[in-house]
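Peer 1: starting from these lines, generate the structure:
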Amino acid sequence: MVRMEWEAARKMGLRVSTHVGTGLARVKQKQAIKKLNEAGLLGPDVILVHDTNIVADDSELLAKSKSEVSLSPFTELRTGFGITPIGALTNAGVPLSLSVDTTVLAGNCDMFAIMKAILNIADGEAKNEFQMTARRALELATTGGARALGIADRVGSLTPGKRADIILIRTTDLNMAPFTDPGRMVVQSTNPSNVDMVMIDGRVLKSGGKLIGIDVARIVREANDTAKRVRAEAERISHT
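Peer 2: Next up, the predicted model:
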């Protein structure tokens with residue numbers, strides 16, 4: 001079944017994304033990376049999410065095949081998948097990027113917090129506060145993700161010819177003072193409230209710290225109404 005799905009995706013020129021390595025017991029039993037490699041299913045068009053439990057030569061196989069691994073540290077810690085193995089994957093030369101996974105588990109879509117988390121995990125794992133640079137964490141969150149999705153020729157960096165995807169951060173806010181190295185400040189100090197302007201492909205979606213063209217009150221109201229309906233339906237089913 002997996003082979004059929006992979007082949008169908010590749011015929012259509014689509015990337016393949018799947019979870020892997022989320023439990024040590026399952027990893028030891030199923031040897032997913034090894035089996036994918038033997039079946040010729042690894043490659044630069046494959047995005048493996050998490051891979052928190054590495055065994056045998058997994059990292060080397062991923063690096064050799066140039067398979068992408070997307071790390072979601074908040075979800076991986078929250079669900080007990082294990083400590084994100086940033087050191088082993090980095091040392092092996094595996095292509096890496098960062099992701100939120102799901103807001104239900106991560107709590108929000110704060111990529112600044114995700115960058116902080118991966119930086120702290122890398123340093124804590126190595127017992128070296130300088131193991132990962134802030135620039136490297138920023139790279140994983142920007143160009144790394146663009147490469148993994150196969151759109152690095154269009155987004156991921158401020159480069160002539162690419163789409164105008166820009167985020168402007170206020171450096172005058174209290175938590176940004178004193179402003180020193182830009183890369184370190186973005187990763188270690190910035191939070192969403194500091195984002196003053198957001199532009200996607202030249203279209204301004206946030207200006208002066210305010211979202212444009214989005215009815216926030218309506219979205220919040222509809223989300224709460226949906227949650228209430230789901231709870232009510234769950235309770236009704238549980239009593240039938």
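Peer 1: rest of the way, CA atoms for contacts and neighbours
Peer 2: OK.
Peer 1: for the closest residue to K162 other than its chain neighbours, what are its contacts?
Peer 2: Nearest residue to K162, sequence neighbours excluded (C-alpha to C-alpha, 6 or more residues apart in numbering): R154, at 4.6 Å. Residues in contact with R154 (C-alpha atoms under 8 Å, 6 or more residues apart in numbering) are G161, K162, R163.
Peer 1: D110 now?
Peer 2: Counted by C-alpha under 8 Å, 6+ apart, D110 has contacts V100, N191, P192.
Peer 1: need these in JSON lines (columns: secondary structure).
Peer 2: As requested, those are exported to JSON lines (DSSP: H, G, I helix; E, B strand; the rest coil):
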{"residue": "V100", "secondary structure": "coil"}
{"residue": "N191", "secondary structure": "coil"}
{"residue": "P192", "secondary structure": "helix"}
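Peer 1: got CSV for those residues, with distance to G87 too?
Peer 2: Listed next are these as CSV, based on distance: C-alpha to C-alpha, whole Å:
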residue, distance to G87
V100, 19
N191, 25
P192, 28
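Peer 1: coming back round to it: let me know the closest of the contacts of R154 to I169.
Peer 2: R163 (18.8 Å; C-alpha to C-alpha).
Peer 1: show me where this protein has its strands.
Peer 2: 16-20, 46-50, 68-71, 96-98, 166-169, 195-200, 203-207, 210-211 (DSSP state E).
Peer 1: any idea of the mean pLDDT in the lengthiest helix in the chain?
Peer 2: Counting by DSSP state H, the longest helix found in the chain is helix 216-238. The average pLDDT within helix 216-238 is 96.
Peer 1: now do that helix: everything it contacts.
Peer 2: In contact with helix 216-238 (C-alpha under 8 Å, 6+ apart) are no residues whatsoever.
Peer 1: and for stretch 81-90?
Peer 2: For stretch 81-90, contacts defined as C-alpha under 8 Å, 6+ apart pick out 22-23, 50-54, 59, 71-73, 76-77, 96, 118, 121-122, 125-126.
Peer 1: take these and keep only those in helices.
Peer 2: S59, P73, E76, L77, I118, I121, A122, E125, A126.
Peer 1: please pick the buried ones from the residues you listed.
Peer 2: S59, P73, E76, I118, I121, A122, E125 (16 or more other C-alpha atoms under 10 Å).
Peer 1: any idea how far the closest residue to the fourth one other than its chain neighbours lies from C109?
Peer 2: Using C-alpha to C-alpha, 6+ apart and skipping the chain neighbours, the partner closest in space to I118 is P73 (6.4 Å). The spacing between P73 and C109, counted by C-alpha to C-alpha, to the nearest Å, is 12 Å.
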